[in-house]
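Visitor: From the sequence below, what's the structure:
(chains A and B)
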Amino acid sequence: MKKMMIVAVLVCSSTTLFAQKYMTRTGKASFFSATSLENIEAFNNEVAGIVDSKSGDVVFQVPIKSFKFEKALMQEHFNENYMESDKFPKAEFKGKIVDLSGVNFSKDGTYNVKTNGKLTIHGVTRDVSMPGTVVVKGNTATVSSKFNVKTADYNISIPKMVEGKVAKTIEVTVNSILTQK
Amino acid sequence: MRLTSAILFTALVVVSTPSVLFAQDDKKKQQTEEKDSSDDLMNMLEEEGNAAPKKKEYVSATFKSTRVINGHSIENTPKGVLDFRVSHRFGPVNSGLRDFFGLDAANTMIGFDYGVTDWLMVGLNRSTYQKEIGGFAKVKLLRQTESNSMPVSLSYMGGVSVQTMPAPVYSAVVDSATGDTVIPQYHFTNRLYFVNQLILAKKFSNVFSLQLMPTHIHYNLVPTRDEPNNIFALGIGGRVKLSNRISLTGEYYYRFNELNGYHNSVSLGMDIETGGHVFQLMLTNAIAMTERAFIGQSSDDWFDGGIHFGFNISRVFTIVRPKGFETSRNKIW
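Guide: Predicted coordinates for the structure are as follows:
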């Protein structure tokens, strides 16, 4: 009898377990622009993201104004001149884990994934495909990804004057701990 | 026993089937509107975000620089940032070709401004004009927010300066009260000037900012008894952004007291922003750059061609690395 009960409880709970979403509002993202003249790096600790472990849907939202630079003037230029963050306050990624069958969200481990989706930066949306890893540990999933963004692809114009100081391709890193909801 | 297990089994089936059904539903849904499945998640994020308490977003970049033209703007240097400033004001353009329209006579101010905290900025500077050394502190009192819950920014700027010209040699005079012959003394305190200023600013749009500057200036020593030691002035300064990197500025100080026939200060300028610099080019009727001198003692008149060309150069250095950069790969430091 007791066994039956346990089985019943397990079965019931497992259905909700599969429907579970992993979520964060304090995810981390950073970017790095390397040139021979100057390296520019900025960090963001206010990334919001959800991963649906059942459908494989992944969404991320990055508030542009929350990027912190080591030089305050850079931060001002970034918001005012390059990203126009009053007009385009958020960058977004909407995508799907392509090989979802390879990820077992109920078992601790490190899984390499591939995602396809749409990346929106500076009001420009482009189809992208990027690799990433999901580290499942207990009720958390740490999602990390490193990819390159070409500023020209997203209509971010860099004036001649500072051309040598801002890289044409910016390396973006996402590293966020999502917890079960 | 059998009955109960049968009931339990049916219960189990009933409980688990809907979820199976739902799963099928989801699959169907996914097939029909595959693109929209992530939209739901996005909406979820939006809702969560809207429900979360909003943090205050302060308006940034009301002005490009910490000075409008001659006088202070509402802006402070951020915490841990040192601003090295070199300013030049040349002679009046009406001095003619012989003086190369004023460019032969340069009045220079060199200064260091530093952001102690995000609300306190201090500065030290030295000017050629009467060999003046000055210091100031600027404190943010109110900050305009993006949501307009606070519609304006307010700062206080307090400064003191001392001119270090050689002491004048006075001849003996007869004191009218006692009848004694005395030689007037020129004390250190006679060289001092003080300024108190409030800066009330509003960024009306991305393109247009305006500020008002009620100002009090105290001269410890004035040339004659009839002249006031305290003068009051109201300044107005504005910025119009022409592009992301170029803006036009204007500044005018109206004095409520006359001080020996000096003119009100009128300046027009242009801010040009490059990587780590802000260049400010201006035309002004002031030769000096300290408040007591350009607000109270601008001796030239625009209408007579008493216009000075000048520029401010600002170069910022980050002295204290902000928090959160422990993992930075930036090794240029």
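Visitor: residues contacting residue 74?
Guide: No chain specified, so I'll use chain A. Residues near A:M74 by Cβ atoms under 8 Å, 6 or more residues apart in numbering or on different chains: A:I40, A:A42. In short, each C-beta sits where N, CA and C put it, glycine included.
Visitor: not what I meant, chain B
Guide: Shown in contact with B:I74 (Cβ under 8 Å, 6+ apart): B:T62, B:F63, B:S153, B:S155, B:I199, B:A201, B:Q211.
Visitor: among these, which are in strands?
Guide: B:S153, B:S155, B:I199, B:A201, B:Q211 (DSSP state E).
Visitor: what number of residues lie near the second one?
Guide: I take that to be B:S155. Neighbour count of B:S155, defined by other Cβ atoms under 10 Å in any protein chain shown: 24.
Visitor: who's in contact with it?
Guide: Counting by Cβ under 8 Å, 6+ apart, B:S155 has contacts B:H72, B:I74, B:N76, B:K138, B:V139, B:K140, B:L141, B:L198, B:I199, B:A201.
Visitor: residue ranges of the strands in chain B, please?
Guide: Ranges of strands in chain B, per DSSP E, are B:81-92, B:106-115, B:120-127, B:132-142, B:153-163, B:173-174, B:181-182, B:192-203, B:208-219, B:230-241, B:246-255, B:265-273, B:277-284, B:308-318.
Visitor: The fourth one pairs with which strands, and in what direction?
Guide: In other words, strand B:132-142. Next to strand B:132-142 in the sheet, as set by DSSP bridges, lie strand B:120-127 (antiparallel), strand B:153-163 (antiparallel).
Visitor: picking up where we left off before, which among the contacts of B:S155 gets closest to chain A?
Guide: B:N76 (10.1 Å; Cβ to the nearest Cβ).
Visitor: returning to what we had before: now, of the contacts of B:S155, which are buried?
Guide: For the contacts of B:S155, a neighbour count by 16 or more other Cβ atoms under 10 Å in any protein chain shown gives the buried set as B:H72, B:I74, B:N76, B:K138, B:K140, B:I199, B:A201.
Visitor: Can you add pLDDT and give those back as JSON lines?
Guide: Output for those, formatted as JSON lines (pLDDT from 0 to 100):
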{"residue": "B:H72", "pLDDT": "97"}
{"residue": "B:I74", "pLDDT": "97"}
{"residue": "B:N76", "pLDDT": "95"}
{"residue": "B:K138", "pLDDT": "98"}
{"residue": "B:K140", "pLDDT": "97"}
{"residue": "B:I199", "pLDDT": "98"}
{"residue": "B:A201", "pLDDT": "97"}
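Visitor: Let me know the closest of these to B:F309.
Guide: Using Cβ to Cβ, B:H72 comes nearest to B:F309 of the buried ones among the contacts of B:S155, at 21.2 Å.
Visitor: separation between the closest one and B:S328?
Guide: If you measure B:H72 against B:S328 using Cβ to Cβ, to the nearest Å, the figure is 32 Å.
Visitor: and B:S38, which of the strands paired with strand B:132-142 is closest to it?
Guide: strand B:153-163 (40.3 Å).
Visitor: in the closest one, what counts as buried?
Guide: Applying a neighbour-count criterion of 16+ other Cβ under 10 Å, one finds B:S153, B:L154, B:S155, B:M157, B:G159, B:S161, B:V162, B:Q163 buried in strand B:153-163.
Visitor: possible to save the residues you listed as a markdown table with pLDDT?
Guide: Output for those, formatted as a markdown table (pLDDT from 0 to 100):
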| residue | pLDDT |
| --- | --- |
| B:S153 | 97 |
| B:L154 | 97 |
| B:S155 | 97 |
| B:M157 | 98 |
| B:G159 | 97 |
| B:S161 | 96 |
| B:V162 | 96 |
| B:Q163 | 94 |
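Visitor: any idea which of those is the one closest to chain A?
Guide: B:S153 (15.5 Å).
Visitor: In the sheet, which residues pair with the closest one? Tell me.
Guide: Beta-bridge partners recorded for B:S153 (DSSP bridges): B:A201.
Visitor: Would you confirm that it contacts B:V139?
Guide: No: if you go by Cβ atoms under 8 Å, B:S153 and B:V139 don't touch, sitting 11.8 Å apart.
Visitor: Give me the spatial nearest neighbour of A:K137, chain neighbours excluded.
Guide: A:D108 (5.3 Å; Cβ to Cβ, 6 or more residues apart in numbering or on different chains).
Visitor: same check, this time on B:H308
Guide: The spatially closest residue to B:H308, leaving aside those adjacent along the chain, is B:R89, at 4.9 Å (Cβ to Cβ, 6+ apart).
Visitor: Which residues are in contact with the residue most central in space within chain B?
Guide: When chain B is reduced to its mean C-alpha position, the nearest residue by Cα atoms, centre = their mean turns out to be B:E75, at 1.8 Å. By Cβ under 8 Å, 6+ apart, the contact set of B:E75 is B:A61, B:T62, B:F63, B:K64, B:S65, B:T66.
Visitor: do you know how far B:N70 is from chain A?
Guide: Distance of B:N70 to chain A, computed by Cβ to the nearest Cβ, to the nearest Å: 22 Å.
Visitor: Per-residue pLDDT of that residue, please?
Guide: Per-residue pLDDT puts B:N70 at 95.
Visitor: Pick the one among the buried ones among the contacts of B:S155 closest to B:I287.
Guide: B:H72 (18.5 Å).
Visitor: Not counting residues beside it along the chain, what's closest to that closest one?
Guide: In this structure, B:H72 finds its nearest non-sequential neighbour in B:M157, 5.0 Å apart by Cβ to Cβ, 6+ apart.
Visitor: Return the distance of the one you found relative to B:M282.
Guide: As judged by Cβ to Cβ, B:M157 and B:M282 stand 19 Å apart.
Visitor: repeat for A:T140
Guide: In this view, A:T140 and B:M282 are 57 Å apart by Cβ to Cβ.
Visitor: what's the farthest-apart pair in the contacts of B:I74?
Guide: B:F63 and B:S155 (11.4 Å).
Visitor: Report the set of residues contacting both of these two.
Guide: Residues touching both B:F63 and B:S155 (Cβ under 8 Å, 6+ apart): B:I74, B:A201.
Visitor: Find the residue ranges of the chain scoring beneath the pLDDT cut-off.
Guide: Using chain A here. Low-confidence segments of chain A, defined by pLDDT under 70, are located at A:1-2, A:4-19.
Visitor: try chain B instead
Guide: For chain B, the stretches with pLDDT under 70 are B:1-36, B:52-53, B:275-276, B:330-333.
Visitor: how about the strands in chain A?
Guide: Counting by DSSP E, one finds strands in chain A at the ranges A:21-34, A:39-52, A:57-63, A:68-69, A:90-97, A:109-121, A:124-137, A:140-150, A:169-180.
Visitor: Output those strands in TSV, with mean neighbour count and distance to B:A288 appended to each entry.
Guide: Listed next are these as TSV, based on neighbours: other Cβ atoms under 10 Å in any protein chain shown; distance: least, Cβ to Cβ, whole Å:
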stretch	mean neighbour count	distance to B:A288
strand A:21-34	19	42
strand A:39-52	21	38
strand A:57-63	23	45
strand A:68-69	19	35
strand A:90-97	21	47
strand A:109-121	17	48
strand A:124-137	15	49
strand A:140-150	18	49
strand A:169-180	17	45
